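Participant: what's the 3D shape of this:
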Amino acid sequence: MGKSYKAKELIEKRYGKRGTESREKFRDEAFSYYFGEIIKSRRKELKMSQGELAELVGKKRPYISRIENGVDIRISNLVLIANALDLSLQLTAR
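Facilitator: Next comes the predicted model:
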């Protein structure tokens with residue numbers, strides 16, 4: 001049986017230690033992907049098209065597509081989309 005690794009160790013090995021440029025880039029991309037998946041899942045749950053969501057928030061359909069595919073999202077747009085999908089946002093201190 002092979003050696004087992006903790007996720008933290010694997011991430012550090014691949015992307016560097018916390019605070020490094022490569023680690024922060026990975027973190028940002030992971031959050032964008034995560035938000036995109038939540039938005040896509042909720043939109044589908046509501047049986048809403050990307051075009052319908054875009055219309056609700058005053059954006060164009062390709063913008064919604066980019067967000068769902070993990071492109072970075074501005075916090076103001078995240079709030080608009082979350083409200084349109086009846087999602088709540090919560091910020092907490094670490």
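Participant: Okay, buried residues for the biggest helix by length in the chain please.
Facilitator: Counting residues, the longest helix found in the chain (DSSP state H) is helix 21-45. Within helix 21-45, the residues scored as buried using 16 or more other C-beta atoms under 10 Å are Arg23, Ser32, Phe35, Gly36, Ile38, Ile39, Lys40, Arg42, Arg43. All C-beta atoms are positioned from the backbone trio N, CA, C, and that covers glycine.
Participant: With pLDDT and distance to Ser88 added, can I get these in JSON lines?
Facilitator: Shown next, in JSON lines, are the buried residues of helix 21-45 (pLDDT from 0 to 100; distance: C-beta to C-beta, whole Å):
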{"residue": "Arg23", "pLDDT": "94", "distance to Ser88": "29"}
{"residue": "Ser32", "pLDDT": "92", "distance to Ser88": "19"}
{"residue": "Phe35", "pLDDT": "94", "distance to Ser88": "14"}
{"residue": "Gly36", "pLDDT": "96", "distance to Ser88": "18"}
{"residue": "Ile38", "pLDDT": "96", "distance to Ser88": "11"}
{"residue": "Ile39", "pLDDT": "97", "distance to Ser88": "13"}
{"residue": "Lys40", "pLDDT": "98", "distance to Ser88": "17"}
{"residue": "Arg42", "pLDDT": "98", "distance to Ser88": "11"}
{"residue": "Arg43", "pLDDT": "97", "distance to Ser88": "16"}
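Participant: Among these, which one sits closest to Leu91?
Facilitator: Phe35 (13.4 Å; C-beta to C-beta).
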